[in-house]
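>>> Sequence and computational prediction follow.
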Amino acid sequence: MLPVLSLDQVRVAWVILEKEGFLLYGFLLYTGADRALVDYMKEGIYDLDILSGEKCAVFVIESPSKEWMTYTRQSDHSWWRLFGAGLAKNVDAESGTAAKRRALFEKTFIENIHNSVIVVGQDNVVSLSQILDPPINLPYNRAEALKVAKHFGLGAKDVPCLVFFRSLSGSIISKVPLESFHSQDQLKLFFRDFFDGPDFESMFRLEMAG
Amino acid sequence: MKPTQVRLRYDIQRAFREAKLELLPEELQQDTLAQWIVNFDSLNTARGRELQRADRDREPLDAIVQNIIIDALNPNITFYFATLFHIGRRWEVSRRAAADAEQALMEDNLKATLSANSTIYLQTEPRERHEVEESVDYLDAIKSLLHQAQNSHNGLVKNSKRLWNIWREEVSALYGVTNKLVNSYRHNQPDSPHWRDLPLHLSNLITYSYATGDLYRRLSNDNIKLNFPPPANLLNNVSIVALLALFDRRWLERGGIDPHFFFRDLFEQQRELLGRQADLLERQKITPVLQQVQSNLLERFSSENPFPRYAALKAPPDSQLKELWDECRLPDGSMFFYAQKWLSSLGEKIYFWSSDLPYKSSLEQGDWVSYALSADSTLKRTWVESRRESLLTDKERAQRLFEREWIQEMARGAVFPTRAGKGVQKWSLEEFQRLIEGVVNILNDRGYDIETPSIERLSRLWDLVSSKEGIYNQDW
């Protein structure tokens, strides 16, 4: 697993990872509204890291957590060598600021509102944090995620999904739909099953050049 | 959940690049300068196409020149590429979040929000669900939160637009410099007017640096951490260009340029640029240290700001005040804001070099307090700003500063008419002593332990300040 801060970092990382012997690359495409996947990733990222093996790098556009940084540093993970060491200092400083901001916020406003959702229209609900402090590198909402998806030949119904490719110069991708999973447990079982099965094996046989 | 294969219209690398561009505001996507920077992304373009001369008969010197150009362009392009996406994303995300907040503020949506969150509130408050869902207080809290978010995002959009304008101005200048150079380089014909200007365009490009621009300064001041590339090694580049020009004087001769002025201008530009970069880098280096020191001081004084104790006409200055003051001096020479705020709350120091002390035949309570305030402020300002004399006790130091900094200056004002030969001196020595005495009484009531100088000493002072030689360095 390789959390990256933006789509652009995927390209940078790919060039280096290719030399390290990785044969298959993937990325998770989802939005803040895909709650099951968002929640799963908090802990599931470690599971996915092991499941995807040593020849497959799966990118996810997320700010890496402190725990992830410790985990990758201790295991001399490719991610640590690529991004971690450089980011460590900044993340420490930023998380301090975020913690202070949150403390101030909690003092000022209703404590429980952090877990709240905000209704912005019929069947259109976003998390409060999405409105207060949206991450700028992630697609803001489904509409933006779909803009990204479009460039990979994917439509609205295809998000969230896991996309695999062999080479940046290729033009064939393989998509694994994830839209029917509505809980962390379902996702956990699916990923364990998938990465252990023939479908994942077949990804390594994807055409290189496309 | 079977995987399915999808064939893209173009390669995956391009898909990533275009997807990223798509997340920027429309205005940025369409902008020609933005497109120039994005398409310049890889300097292979520069190497391969833009800078390739029309004739393929290239001299070895050209290869060196090309490398210099790439070396000068690379950090600038990378910087403007990174900032384009930072500014654009901040703008777009805030625009969307502000729009969401606006939608959420509509009455129906507010009610729906309260209802959707009632379970959370019920966990902390033993109330009926309908009570929560109909609570005006809760609705107001959500409304206030959304208003704040909306205002904050609108502010960020505004700021992003400002940064975008600066970005365009700077990239436009870089584009102009690069374009002129590329044109000169492409038309490498002895009599071409473009070729004649090559040395000048080259020197303009290698002395162009994002690090001296407004955008870099603003982002650094906002503490925005992007992975900026270090500026090009200007010293090397300028030296190499100078050497090349020396070896291949055709550059200058063809342009009819006097080598003396060319080199002088080039090195002056370089020196100025290096100086500005050094200042910026120094400020950048010191910013985190300043933040850390200020954060430590805030923590140290978390329970109480100690300065108000020494406010005007409150506690007299002592060793502890001096220690506090020294502790609040920040690494860049400025003062921690507690100390700064305290200092500016004091009255100003008095000066009577070219004016007189206004005469009053009888002094009222307000006058006494005003004089005492001036003495107290003068003492405190001098106390923290001057070096501590280790042989003196606090009491002795207060007496000395009171006499030298305040009484002496007041005396200078009182005898001004005599000293300057202007008008009639109204203050008598006895009246002046009474004024001092009144101030001493007020200050001692506030905790000072100072004395009124004897009439003999004041008389000596009176003579010294009235004389043409003045009082410089003399005891009285």
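Yep, it's here.

>>> Checking the spatially most central residue of chain A next. Helix, strand or coil?
Central residue of chain A (C-alpha atoms, centre = their mean): A:Val60, 2.6 Å from the mean position. Here A:Val60 takes the strand state, with states given by DSSP: H, G, I helix; E, B strand; the rest coil.

>>> Can you name the element that comes right after the lowest-mean-pLDDT helix or strand in chain A?
None of the helices or strands of chain A scores lower by mean pLDDT, DSSP states H and E than helix A:85-108, at a mean of 48. Later in the chain than helix A:85-108, the nearest helix or strand by DSSP states H and E is strand A:117-121.

>>> for the stretch 101-250 of chain B, what spans make up the helices?
Here the stretch 101-250 of chain B has its helices, by DSSP state H, counting those that start in this stretch, at B:107-124, B:129-133, B:136-186, B:193-196, B:198-206, B:214-221, B:234-247, B:250-255.

>>> Now render those helices as JSON lines, adding mean neighbour count, mean pLDDT and distance to A:Met1.
For the C-beta atoms, the positions are set from N, CA and C on the backbone; glycine is no exception. Converted to JSON lines, the helices of the stretch 101-250 of chain B look like this (neighbours: other C-beta atoms under 10 Å in any protein chain shown; pLDDT from 0 to 100; distance: least, C-beta to C-beta, whole Å):
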{"stretch": "helix B:107-124", "mean neighbour count": "16", "mean pLDDT": "77", "distance to A:Met1": "32"}
{"stretch": "helix B:129-133", "mean neighbour count": "15", "mean pLDDT": "69", "distance to A:Met1": "41"}
{"stretch": "helix B:136-186", "mean neighbour count": "18", "mean pLDDT": "87", "distance to A:Met1": "31"}
{"stretch": "helix B:193-196", "mean neighbour count": "17", "mean pLDDT": "62", "distance to A:Met1": "53"}
{"stretch": "helix B:198-206", "mean neighbour count": "23", "mean pLDDT": "77", "distance to A:Met1": "42"}
{"stretch": "helix B:214-221", "mean neighbour count": "17", "mean pLDDT": "83", "distance to A:Met1": "31"}
{"stretch": "helix B:234-247", "mean neighbour count": "17", "mean pLDDT": "61", "distance to A:Met1": "41"}
{"stretch": "helix B:250-255", "mean neighbour count": "17", "mean pLDDT": "63", "distance to A:Met1": "54"}
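
>>> Compare these and report which one is nearest to chain A.
helix B:107-124 (4.0 Å; C-beta to the nearest C-beta).

>>> Please export the alpha-carbon coordinates of the closest one; PDB is fine.
Below are the C-alpha coordinates for helix B:107-124, written out as PDB (Å, rounded to 0.1, in the frame of the first residue of the first chain):
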ATOM      1  CA  GLU B 107     -34.200  26.000   6.200                       C
ATOM      2  CA  ASP B 108     -35.400  22.600   5.100                       C
ATOM      3  CA  ASN B 109     -31.800  21.300   5.000                       C
ATOM      4  CA  LEU B 110     -31.100  22.700   8.400                       C
ATOM      5  CA  LYS B 111     -34.000  20.800   9.900                       C
ATOM      6  CA  ALA B 112     -33.000  17.700   8.000                       C
ATOM      7  CA  THR B 113     -29.500  18.000   9.400                       C
ATOM      8  CA  LEU B 114     -30.800  18.400  12.900                       C
ATOM      9  CA  SER B 115     -33.000  15.400  12.500                       C
ATOM     10  CA  ALA B 116     -30.200  13.300  11.000                       C
ATOM     11  CA  ASN B 117     -28.000  14.000  14.000                       C
ATOM     12  CA  SER B 118     -30.500  13.800  16.800                       C
ATOM     13  CA  THR B 119     -29.300  10.300  17.800                       C
ATOM     14  CA  ILE B 120     -25.900  11.700  18.600                       C
ATOM     15  CA  TYR B 121     -27.300  14.500  20.800                       C
ATOM     16  CA  LEU B 122     -29.600  12.000  22.500                       C
ATOM     17  CA  GLN B 123     -26.600  10.000  23.600                       C
ATOM     18  CA  THR B 124     -25.400  13.000  25.700                       C
END
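
>>> I'd like the helices of the stretch 101-250 of chain B written out as JSON lines, with distance to chain A added.
Output for the helices of the stretch 101-250 of chain B, formatted as JSON lines (distance: least, C-beta to the nearest C-beta, whole Å):
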{"stretch": "helix B:107-124", "distance to chain A": "4"}
{"stretch": "helix B:129-133", "distance to chain A": "11"}
{"stretch": "helix B:136-186", "distance to chain A": "5"}
{"stretch": "helix B:193-196", "distance to chain A": "35"}
{"stretch": "helix B:198-206", "distance to chain A": "26"}
{"stretch": "helix B:214-221", "distance to chain A": "14"}
{"stretch": "helix B:234-247", "distance to chain A": "25"}
{"stretch": "helix B:250-255", "distance to chain A": "37"}
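
>>> Among those helices, which comes closest to B:Trp406?
Comparing the helices of the stretch 101-250 of chain B by their distance to B:Trp406 (C-beta to C-beta), the top pick is helix B:214-221, with 40.7 Å.

>>> can you give me the offset of that closest one from its chain's centre?
When distances are taken as C-alpha atoms, centre = their mean, to the nearest Å, helix B:214-221 is centred 9 Å away from the chain's centroid.

>>> do the same with stretch B:6-15
For stretch B:6-15, the distance to the chain centre is 45 Å (C-alpha atoms, centre = their mean).

>>> and it, is it in reach of chain A?
Yes. Judged by C-beta under 8 Å from any C-beta of the partner chain, stretch B:6-15 comes into contact with chain A through B:6-13, B:15.

>>> Need the three-state assignment for the closest residue to the residue nearest to the centre of chain A other than its chain neighbours.
Nearest residue to A:Val60, sequence neighbours excluded (C-beta to C-beta, 6 or more residues apart in numbering or on different chains): A:Leu28, at 4.7 Å. Secondary structure assignment for A:Leu28 (three-state DSSP): strand.

>>> pLDDT-wise, which helix or strand of chain B ranks last?
helix B:43-45 (a mean of 43).

>>> so where is the stretch 351-476 of chain B shaky, pLDDT-wise?
B:468, B:472-473 (pLDDT under 70).

>>> Okay, buried residues for stretch A:60-78 please.
For stretch A:60-78, a neighbour-count test (16 or more other C-beta atoms under 10 Å in any protein chain shown) marks A:60-64, A:68-69, A:71-72, A:77-78 as buried.

>>> Is the residue nearest to A:Ser65 when sequence neighbours are not counted inside a helix or a strand, and which specific one?
In space, and not counting its chain neighbours, A:Ser65 is closest to A:Lys42: 7.8 Å by C-beta to C-beta, 6+ apart. Assigned by DSSP H and E, A:Lys42 falls within helix A:35-51.

>>> Ok, B:Gln35 next?
Assigned by DSSP H and E, B:Gln35 falls in helix B:32-39.

>>> same deal with B:Arg17?
helix B:12-22.

>>> Alpha carbons of that helix, as PDB, please.
Taking C-alpha atoms only, helix B:12-22 is exported to PDB below (Å, rounded to 0.1, in the frame of the first residue of the first chain):
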ATOM      1  CA  ILE B  12      -2.300   5.800 -18.200                       C
ATOM      2  CA  GLN B  13       0.300   8.500 -17.600                       C
ATOM      3  CA  ARG B  14      -1.700  11.000 -19.600                       C
ATOM      4  CA  ALA B  15      -4.900   9.800 -17.800                       C
ATOM      5  CA  PHE B  16      -3.400  10.800 -14.500                       C
ATOM      6  CA  ARG B  17      -2.200  14.100 -15.800                       C
ATOM      7  CA  GLU B  18      -5.500  15.100 -17.300                       C
ATOM      8  CA  ALA B  19      -7.500  13.800 -14.400                       C
ATOM      9  CA  LYS B  20      -5.500  16.000 -12.100                       C
ATOM     10  CA  LEU B  21      -6.000  19.000 -14.400                       C
ATOM     11  CA  GLU B  22      -9.700  18.400 -14.400                       C
END
